[in-house]
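[1] 3D, please:
(6 chains)
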Number of protein chains: 6
Amino acid sequence: MFVYEKKLLYPVKVSSCNPKLAKYLIEQYGGADGELAAALRYMNQRYSIPDKVTGLLTDVAMEEFSHLEMIAAMVFKLTKDATPDQIREAGLEPHYVNHGSALYYENAGGIPFNASYIAGKGDPIADLYEDIAAEEKARATYQYIIDLSDDPDLNDGLKFLREREIVHGQRFREAVEMLKENRDARKVF
Amino acid sequence: MFVYEKKLLYPVKVSSCNPKLAKYLIEQYGGADGELAAALRYMNQRYSIPDKVTGLLTDVAMEEFSHLEMIAAMVFKLTKDATPDQIREAGLEPHYVNHGSALYYENAGGIPFNASYIAGKGDPIADLYEDIAAEEKARATYQYIIDLSDDPDLNDGLKFLREREIVHGQRFREAVEMLKENRDARKVF
Amino acid sequence: MFVYEKKLLYPVKVSSCNPKLAKYLIEQYGGADGELAAALRYMNQRYSIPDKVTGLLTDVAMEEFSHLEMIAAMVFKLTKDATPDQIREAGLEPHYVNHGSALYYENAGGIPFNASYIAGKGDPIADLYEDIAAEEKARATYQYIIDLSDDPDLNDGLKFLREREIVHGQRFREAVEMLKENRDARKVF
Amino acid sequence: MFVYEKKLLYPVKVSSCNPKLAKYLIEQYGGADGELAAALRYMNQRYSIPDKVTGLLTDVAMEEFSHLEMIAAMVFKLTKDATPDQIREAGLEPHYVNHGSALYYENAGGIPFNASYIAGKGDPIADLYEDIAAEEKARATYQYIIDLSDDPDLNDGLKFLREREIVHGQRFREAVEMLKENRDARKVF
Amino acid sequence: MFVYEKKLLYPVKVSSCNPKLAKYLIEQYGGADGELAAALRYMNQRYSIPDKVTGLLTDVAMEEFSHLEMIAAMVFKLTKDATPDQIREAGLEPHYVNHGSALYYENAGGIPFNASYIAGKGDPIADLYEDIAAEEKARATYQYIIDLSDDPDLNDGLKFLREREIVHGQRFREAVEMLKENRDARKVF
Amino acid sequence: MFVYEKKLLYPVKVSSCNPKLAKYLIEQYGGADGELAAALRYMNQRYSIPDKVTGLLTDVAMEEFSHLEMIAAMVFKLTKDATPDQIREAGLEPHYVNHGSALYYENAGGIPFNASYIAGKGDPIADLYEDIAAEEKARATYQYIIDLSDDPDLNDGLKFLREREIVHGQRFREAVEMLKENRDARKVF
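    Sure, this is the predicted structure:
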């Protein structure tokens, strides 16, 4: 069962209104290596992964959903005072004509999220390496956004998110070593 | 912030191993009108919907995630003792060669989930009618699965899920009436 | 059988060449809540909806196709005298390298149309609520385009289109009330 | 403007209830080389093609929409008396749990229609060769369905549709010869 | 078996750093009528096309892969010295946050490549007309890029690529005439 | 430049005609973790990966294309003598009505290949972990197909392919250790 607590996992602050930055951040809302992809990947794998790893996947999935919420809060703060001219200057009109001021599960280029970004192989080793790779790709994406950003308050939050991806990757590495003998794989054929 | 509690929202029981039924049920795991689509739709809209409706969308989103977990439990129970012949007879080999015994965000025809199933318009009236329609479509889908199913234990759970969709639809209808004057829309231009 | 009459449903005029506006308008040509999506949705549902509603869906579908033609005429008029610099300034080069001056079934962000935007559930109540929601979403999208547009002649046509969506929504609401008892549903199982 | 006339372009008859055949026929409803793809391709190209070819594209587009209606009528007749066992035996449950008895813009494998099947290049020669190829691919698909079908009444209708594709191809070949010098291309740069 | 030789099919030179041009060129890397689509189309058809045409499809496929390599070299040369400001001015940030400086199989609008761009009908005449159309569409796209480009060195390479598409089209036309009687079609039913 | 040599990388034999097995094998032709995905992933990454790893990616890409050819040969041998009844019994009619006897870039469920299966992050560590994960997922998929197959001759070829994925994974692990300090990343910002 899933429960919502009305607080952010980590504080979110931005220095100023900056819709252009919000456009880049959306990559981690609905993009291939973003928080939604991560949360859904781990939440799905937890049903087939061996028992000793189920708790890890559940915990990380819940954290990724909380990260997703932080991204949404960042986007809100970066856009809530945006003037029409700022929206135009940020090139956000294609988003606006479709979604107005709402968020949407898309990447920075406007491509809607799709599950082809995610694998669930049922093979625990393959699944965990998928997860390790996912965390590396998320780390890299956060680094690109930090590189493009000149907002020190925002970057504090982004660096937290990037560091958490690195920690997740460490946990997944430990888990895959634990499962290398693959004794718990549920075999059908 | 999102928290997991280790219990199902409603009990899940099945009468017998039946992979074919699991194949139909997957429609509500990763299909257009399924629990994932619903949860993500409401979770996304909550960031732009007027304050008086935010709590409703949050609560319903959390419930849909809990429904998603129930579907996963149903699929697990229907397939965990499946013999290779039962897998073949259910026509599940295309799923098996890609995912093994794992679940996946796909519909009954194997199409991966994609966010084009979901709208977030930023216009509260449009968003709430999208939600009313979504609940009707989910109700209809559960009815089709109940029609195809001969498992009374499973159908008890499916009827609970169908009834909850109907209740959600009632809440959304009340909400849209509340917002009909659209005073709270965040206008940019 | 479908027949073409060589006249527009409603006059289309624009004040000046404005490729940027055309880029926004394309959202209603090939976007999720645009005229093509609407026309195809109703044209498909008409084959399974109860008899007393078939005529409504047919008529509205034909009108949406005529709206689609109006959008094409608007885009043509807004771009036909565009200089290369205007094309560049409007950010239309990605469209141009793929399609030249031709139209295409895409949204304002260049995403190709796909049928996942459309539902046909075979359940008349679900189908009609899908239609009500579609009209609300189309209305909202036209409002966003009107908000972004400074062309009074174009806005006259857009306001006509927006008003027609509102009228369609009223007809669909009447129809769903008519069908609430769902006596005409074609049941297979 | 588009108008509906309440008659089929060509009579549609089937010999017996056969949901399996309907499943194959759907390929020409929502598939890559089907009637919807054709109708939308020509209807879109007509806005940019040189004047002397506009009428041809309009006429063929209207005929393809009328073909689409014939396919729908065929599917209806092949399935309207289907028993649950026939639906199961035809492997139509994945379609049923999502759409009930409704049609849907998908191919025989359940993949939703998407505009990537269609090109509109704005280059008249390229557009017309796209059209010639489309007609050949449609002809080939109708041949495959005729090969799979043992229903002589249905095959009469399918052979009509296949012959019309061949005739369309001939018209497009004449048109492209007419335009080979490409004098009417609307050049922007 | 496939072998790589460490040389370009044709020399690639650019006059100056120009990320904006690279953004247009990507259309021929991962777009609907680009080199990847062509290479994959011919490589796939070669397994079912009659023997007398297999060699042609193999040779053209190999050449298209070599063209793909040329496009990659062009993109590399156009972007390797790009400053952050040039990246921003070219509107390449959405690509950058996802892929950094890497290439990706996408079109100029950022849409990922998908196989729906490609047909393999198993009907040799249909397949070869698909190929003729593909070459025309590629020619047209190269012409649009040449039109947008002010780099004479780059245009030399682009004109080579465009001319090769024209030559391929001639070879496919000869091949389809050869096969018009369709004696070699592998018939199953 | 790419060159074709007219021989298979490794011999391909099958014991008997078995279209059902071919249907599973197609997963490695056009599926998410198949040979096409692998070949395209490595071929794309080679343009941005540090020099010391370029040769490895090129070599593995070429080998994956040669694997793709082996899969095509296996599918051909498994289906070339298939009777219409065998095609029906294998559930291959949806493929047949669209493609006849031709191959197609799809997975076992008929979903067309799309580039969302592939990542190219431009961050060498992320790219190499993506590659390690890809090889694990391919290994797992080959294991599932071997599990479903009762053809010893075919399985010999499949085991070769599976072992090669394991070897590729080892090479990628060595490469990522070599690059752990990430000195060669091309930084733009």
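
[2] Count the neighbours of A:Ser149 for me.
    20 (other Cβ atoms under 10 Å in any protein chain shown). C-beta here means a position set from N, CA and C on the backbone, and glycine is covered the same way.

[3] wait, I meant A:Asp156
    For A:Asp156, using other Cβ under 10 Å, the count is 14.

[4] I'd say it and A:Val12 touch.
    No. Assessed by Cβ atoms under 8 Å, A:Asp156 is found out of contact with A:Val12, at 9.2 Å.

[5] Figure out the helix or strand that the closest residue in space to A:Leu78 that isn't next to it in sequence lives in.
    Spatial nearest neighbour of A:Leu78, chain neighbours left out: A:Ala22 (4.1 Å); criterion: Cβ to Cβ, 6 or more residues apart in numbering or on different chains. Using DSSP states H and E, A:Ala22 falls within helix A:19-25.

[6] Now do that helix, average pLDDT.
    Helix A:19-25 carries an average pLDDT of 97.

[7] Send me that helix as CSV with only the CA atoms.
    Extracted in CSV, the C-alpha atoms of helix A:19-25 (Å, rounded to 0.1, in the frame of the first residue of the first chain):
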residue,chain,number,x,y,z
PRO,A,19,11.5,28.8,-17.2
LYS,A,20,14.4,27.8,-19.4
LEU,A,21,15.9,25.8,-16.6
ALA,A,22,12.5,24.2,-15.9
LYS,A,23,12.5,23.0,-19.5
TYR,A,24,15.8,21.2,-19.0
LEU,A,25,14.7,19.8,-15.6
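
[8] quick one: contacts of the following helix or strand past that helix?
    Next in sequence after helix A:19-25, counting helices and strands by DSSP H and E, comes helix A:27-30. Applying Cβ atoms under 8 Å, 6 or more residues apart in numbering or on different chains, the external contacts of helix A:27-30 come out as A:33-36, A:67-68, A:71-72, A:75, A:103-108, A:112-113, A:138, A:141-142, A:145, A:161, B:115, E:94, E:97-98.

[9] Isn't A:Lys13 up against A:Lys77?
    Yes. Counting by Cβ under 8 Å, A:Lys77 is a contact partner of A:Lys13 at 7.5 Å.

[10] And the residue nearest to A:Leu78, how close does it get to chain B?
    Computed as Cβ to the nearest Cβ, to the nearest Å, the A:Ala22 to chain B distance reads 12 Å.

[11] was I right about that residue contacting A:Thr79?
    Yes. A:Ala22 is in contact with A:Thr79 according to Cβ under 8 Å; the separation is 5.0 Å.

[12] returning to that earlier point: just checking the distance from the helix holding A:Ala22 to the centre of its chain.
    Its chain's C-alpha centre and that of helix A:19-25 lie 15 Å apart, by Cα atoms, centre = their mean, to the nearest Å.

[13] Show me what it is packed against.
    Using 3 or more Cβ pairs under 8 Å, 6 or more residues apart in numbering or on different chains; DSSP states H and E as the contact test, the elements touching helix A:19-25 are helix A:51-79, helix A:84-89, helix A:124-148, helix E:93-99.

[14] hmm, back to that, now do the shared contacts for A:Ala22 and A:Thr79.
    Taking Cβ under 8 Å, 6+ apart as the contact rule, A:Ala22 and A:Thr79 touch no residue in common.

[15] Which residues of chain A lie near chain C?
    Within chain A, the residues that sit near chain C (Cβ under 8 Å from any Cβ of the partner chain) are A:91, A:93-98, A:100, A:109-112.

[16] among those residues, which are in reach of chain B?
    Within those, those near chain B by Cβ under 8 Å from any Cβ are A:96, A:98, A:100, A:112.

[17] Are any of the residues of chain A next to chain C buried, and if so which?
    For those, a neighbour count by 16 or more other Cβ atoms under 10 Å in any protein chain shown gives the buried set as A:93-98, A:100, A:109-112.

[18] For chain A, give me the ranges with low pLDDT.
    By pLDDT under 70, the weakly predicted segments of chain A are A:181-189.

[19] got the contact list for the most centrally placed residue in it?
    Residue closest to the average C-alpha location in chain A (Cα atoms, centre = their mean): A:Glu35, at 1.3 Å. Counting by Cβ under 8 Å, 6+ apart, A:Glu35 touches A:28-29, A:64-65, A:67-68, A:71, A:138.

[20] out of the residues you listed, what pair is the most spread apart?
    A:Phe65 and A:Ala138 (14.1 Å; Cβ to Cβ).

[21] which one of those two has more residues nearby?
    With neighbours defined as other Cβ under 10 Å, A:Phe65 and A:Ala138 compare such that A:Ala138 has more, 29 against 25.

[22] and the helices and strands packed on helix A:19-25 as JSON lines, adding distance to C:Gln45?
    JSON lines is the format used below for the helices and strands packed on helix A:19-25 (distance: least, Cβ to Cβ, whole Å):
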{"stretch": "helix A:51-79", "distance to C:Gln45": "34"}
{"stretch": "helix A:84-89", "distance to C:Gln45": "36"}
{"stretch": "helix A:124-148", "distance to C:Gln45": "40"}
{"stretch": "helix E:93-99", "distance to C:Gln45": "36"}
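
[23] closest to D:Ala126 out of those helices?
    Of the helices and strands packed on helix A:19-25, the one closest to D:Ala126 (Cβ to Cβ) turns out to be helix E:93-99, at 26.7 Å.

[24] ok, and what's touching the closest one?
    Around helix E:93-99, the neighbours that count as contacts under Cβ under 8 Å, 6+ apart are A:20, A:23-24, A:27, A:31-33, A:107-110, A:141, A:144-145, A:148, E:23, E:87, E:104, E:106, E:110, F:120-122, F:188-189.

[25] Swap in 7 Å and give it another go.
    The contact list for helix E:93-99, computed with Cβ atoms under 7 Å, 6 or more residues apart in numbering or on different chains, reads A:24, A:27, A:31-32, A:107-109, A:141, A:144-145, A:148, E:87, E:110, F:120-122.

[26] does A:Lys23 really touch A:Leu92, like I thought?
    Yes. At 6.0 Å, A:Lys23 counts as touching A:Leu92 under the criterion of Cβ atoms under 7 Å.

[27] and whatever residue of chain A ends up closest to chain E, what does it touch?
    Residue nearest to chain E within chain A (Cβ to the nearest Cβ): A:Gly109, separated by 3.4 Å. For A:Gly109, the contact set (Cβ under 7 Å, 6+ apart) comprises E:94, E:110.

[28] and what of A:Met1?
    Shown in contact with A:Met1 (Cβ under 7 Å, 6+ apart): B:5, B:7-9, B:66, B:69.

[29] What separation do you get for it and A:Thr54?
    Using Cβ to Cβ, to the nearest Å, A:Met1 is found at 15 Å from A:Thr54.

[30] and if you look at A:Glu93?
    For A:Glu93, the distance to A:Thr54 equals 45 Å [Cβ to Cβ].

[31] residues near A:Arg139, how many?
    Applying other Cβ under 10 Å, I find that A:Arg139 has 22 neighbouring residues.

[32] what's the burial count for the closest residue to it other than its chain neighbours?
    Nearest non-adjacent residue to A:Arg139, counting by Cβ to Cβ, 6+ apart: A:Glu165, 4.5 Å away. Close neighbours of A:Glu165, defined as other Cβ under 10 Å, add up to 23.

[33] Stretch A:36-49 near chain B at all?
    Yes. Contact of stretch A:36-49 with chain B (Cβ under 7 Å from any Cβ of the partner chain) involves A:40, A:44-45, A:47-48.

[34] Keep only those of these that are also close to chain D.
    Among those, none lies close to chain D by the criterion of Cβ under 7 Å from any Cβ.

[35] so how far is C:Gly30 from A:Ala102?
    According to Cβ to Cβ, A:Ala102 stands 20 Å off from C:Gly30.

[36] no no, A:Asp33
    A:Asp33 is 28 Å from C:Gly30, by Cβ to Cβ.
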